[in-house]
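K.L.:
Could you look at this predicted model? Sequence included:
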Amino acid sequence: MDQDKLPYDKFSVDSIMVYAERLEGHTLREMTDAAELQSPNRRRGAFGNAVEQYYFKYKPNSSQEPDFPEVGIELKTTPLKRDKSGRYVAKERLVVNMIDYDTVVNEDFERSHFMQKASKVLLISYLWEKDVDPLDYKIVLVDLWEIPEVDLVQMKLDWETVVDKVRAGHAEDISGSDTVYLEASTKAADSSKRRTQPFSPVLAKPRAWALKASYMTAVENEMIDRRRQGIKRGAGEKDMGVLELVRSRFEPYFGLSEEELAQRLGISKSKDLCARITKRILGVDDDAEIDEFVKAGIKPKTIRLRANGTPKESVSFPAFDYYKLAETDFEDSDFYSYLQTKYLFVLYEIDGEGAYRLRDVALWQMPDADLPEARRCYEQMRENVRRGRADVSVGATENRCCHVRPHGRDSSDTRPQPYGPPVVKKCFWLNAHYLAGEIARARGK
DNA sequence: GCATGATCATGC
DNA sequence: GCATGATCATGC
């Protein structure tokens, strides 16, 4: 391709951005002469390639070089979709670059390969819609993105969590659930592809640095808001990772009983006392403060522990729909998305007098290694529904991680099932015993 | 102490 | 009025 014919000055960030921003509010069909994309929807990345090839007029490459090498800018296209309430959410994580286990162990975060790739990104977000030709995706946002100061601390913690595992010779134990904003996400699901690592003979899955979807959702919405209002948000002075920030909020209240907390925070004693205490301590009423939380997609859960550290109760999720269960694969299910969520466990422990005292907080997400077991529970219940036996649950003794149990107003609160009579509402629960181990692990870190 | 069915209480 | 998070109650 003839360099002289580029419709922008490749040496000028401004020129590139002015040209790029013309895309906003339009589709590729409107803005390029691309008549068709080879087998649309078929190939992943068809949209991104088309942007590079037909709009910016350069050949897509997968080399180490930035896409705009003269100014060190990386081009990233990424899909947004609308959730039930019409808000934009990132459809997927944003993959940055492959992790080379052999070299990453010698890097430091600030000068890492990841930071080189992620430090300056021309982000193009488009609205993904089912059954729509990629040429007709509407481009929602075009902006230059750099990792915000306030996010660097957590990002670095995430990076080091992963790299430390490689340094310890345990690249095969890396899990996407280890981290908060940045994750080491698996590439190539098929088990034939495995990579060597420097400090162990064990082969590990190939992984790439990626910004989590929940993080991208926050980033993109913030950019969209900012563009709409034409204002710049001043960066705060947060110097802590999410867990440290949250813990520091809770710390003054550790050791207090529910009654003492209620009194101290001016809340009446009720069944959702713990939830309200959590809200109050987190300062949910104050938008700016919970920002960190939303960005990380973290959901609080109250758990009361017995003296031996076992939760008094299992933890429930929303009730499921029997029709939906019958026809939805595990990976596409709500249950799966609940398990892909990071939770803040707010832990109360019973004392000698039988009063529950706020003891600790811990971040938890189901480890990838346990997903197959959860999947087994899901499939077993799905099978029951397909046999017209939604009344049959999956017992806590049948599955190491989770079980199925009623979850309605009362026994008359039923839902229809596809092949049998209506059955009381049910949902998936995390086994109290499984949680005991997971909580110990999460707190041990 | 544990498994499981049943129900409560609040917010939206 | 329902969905949801949380907890109670019973039987072994």
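P.N.:
Sure, I can see it. Numbers count the residues shown, from 1 in each chain, chains lettered A, B, ... in the order given.

K.L.:
in the stretch 101-250 of chain A, what residue is nearest DNA strand C?
P.N.:
When distances are taken as C-beta to the nearest atom of the strand, the stretch 101-250 of chain A reaches nearest to DNA strand C at residue A:250, 14.3 Å away. To be clear about C-beta, it is placed using only N, CA and C from the backbone, and glycine gets the same treatment.

K.L.:
which ones are touching that residue?
P.N.:
Counting by C-beta atoms under 8 Å, 6 or more residues apart in numbering, residue A:250 touches A:281, A:346, A:358, A:361.

K.L.:
Keep only those of the residues you listed that are in strands.
P.N.:
A:346, A:358, A:361 (DSSP state E).

K.L.:
and for the strand or helix carrying residue A:144, what are the contacting residues?
P.N.:
Residue A:144 belongs to strand A:138-145 when assigned by DSSP states H and E. Contacts with strand A:138-145, where a contact means C-beta under 8 Å, 6+ apart, come from A:13, A:17, A:20-21, A:23-28, A:73, A:80, A:88, A:120-127, A:219-220, A:223-224, A:227.

K.L.:
Okay, now the sheet partners of that strand, with direction.
P.N.:
According to DSSP bridges, strand A:138-145 forms sheet pairs with strand A:121-127 (antiparallel).

K.L.:
Return the distance of the strand it pairs with from the chain's centre.
P.N.:
With C-alpha atoms, centre = their mean, to the nearest Å as the basis, strand A:121-127 stands 18 Å off its chain's centre.

K.L.:
rewinding a little: report pLDDT for the residue of the stretch 101-250 of chain A closest to DNA strand C.
P.N.:
Here the pLDDT value assigned to residue A:250 is 82.

K.L.:
Equivalent analysis for the one 5 residues further on, please.
P.N.:
Predicted confidence (pLDDT) at residue A:255: the value is 88.

K.L.:
give me every residue that touches the nearest residue to it once chain neighbours are set aside.
P.N.:
Closest residue to residue A:255 apart from its sequence neighbours, by C-beta to C-beta, 6 or more residues apart in numbering: residue A:357 at 5.8 Å. Listed by C-beta under 8 Å, 6+ apart, the contact set of residue A:357 reads A:255-258, A:348-351.

K.L.:
Across the sheet, point out what pairs with residue A:357.
P.N.:
Counting by DSSP bridges, residue A:357 forms beta bridges with residue A:257, residue A:349.

K.L.:
From residue A:350, how far out is it?
P.N.:
Distance, residue A:357 to residue A:350, by C-beta to C-beta, to the nearest Å: 8 Å.

K.L.:
any low-confidence regions in the stretch 151-300 of chain A?
P.N.:
Along the stretch 151-300 of chain A, segments meeting pLDDT under 70 span A:189-191, A:228-241, A:266-275, A:280, A:282-296.

K.L.:
cutoff 90 now
P.N.:
A:176, A:187-194, A:218, A:221-300 (pLDDT under 90).

K.L.:
quick one: the strands in it?
P.N.:
Ranges of strands in the stretch 151-300 of chain A, per DSSP state E, counting those that start in this stretch, are A:182-186, A:195-197, A:200-204, A:207-211, A:298-305.

K.L.:
okay if I get these as a markdown table plus distance to residue A:8 and mean neighbour count?
P.N.:
Shown next, in a markdown table, are those (distance: least, C-beta to C-beta, whole Å; neighbours: other C-beta atoms under 10 Å):
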| stretch | distance to residue A:8 | mean neighbour count |
| --- | --- | --- |
| strand A:182-186 | 31 | 22 |
| strand A:195-197 | 38 | 17 |
| strand A:200-204 | 41 | 14 |
| strand A:207-211 | 26 | 22 |
| strand A:298-305 | 40 | 19 |
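
K.L.:
Let me have these in a markdown table, extended by distance to residue A:92.
P.N.:
Formatted as a markdown table, those follow (distance: least, C-beta to C-beta, whole Å):
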| stretch | distance to residue A:92 |
| --- | --- |
| strand A:182-186 | 10 |
| strand A:195-197 | 22 |
| strand A:200-204 | 22 |
| strand A:207-211 | 9 |
| strand A:298-305 | 19 |
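
K.L.:
Those: which one's closest to residue A:98?
P.N.:
With C-beta to C-beta as the measure, strand A:207-211 is the member of the strands of the stretch 151-300 of chain A nearest residue A:98 (4.9 Å).

K.L.:
partners of that closest one, with directions?
P.N.:
Strand A:207-211 has its sheet partners listed here by DSSP bridges as strand A:94-98 (antiparallel), strand A:182-186 (antiparallel).

K.L.:
How about residues contacting the last one?
P.N.:
Contacts made with strand A:182-186 from outside it, assessed by C-beta under 8 Å, 6+ apart, are listed as A:93, A:95, A:99, A:114, A:155, A:158-159, A:162, A:174, A:176, A:178, A:205-212, A:215.

K.L.:
again, only using 7 Å
P.N.:
In this structure, residues lying in contact with strand A:182-186 by C-beta atoms under 7 Å, 6 or more residues apart in numbering are A:93, A:95, A:99, A:155, A:158-159, A:162, A:174, A:176, A:205, A:207-212.

K.L.:
picking up where we left off before, just the buried subset of the contacts of strand A:138-145, written out for ChimeraX, thanks.
P.N.:
In ChimeraX syntax, the buried subset of the contacts of strand A:138-145 is picked out as below (16 or more other C-beta atoms under 10 Å):
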select /A:13,17,20,21,23,27,28,73,80,88,120,121,122,123,124,125,126,127,219,220,223,224
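
K.L.:
does stretch A:68-86 come close to DNA strand C?
P.N.:
No. Residues of stretch A:68-86 contacting DNA strand C under C-beta under 7 Å from any atom of the strand: none, with a closest distance of 9.5 Å.

K.L.:
Alright, I will stop here.
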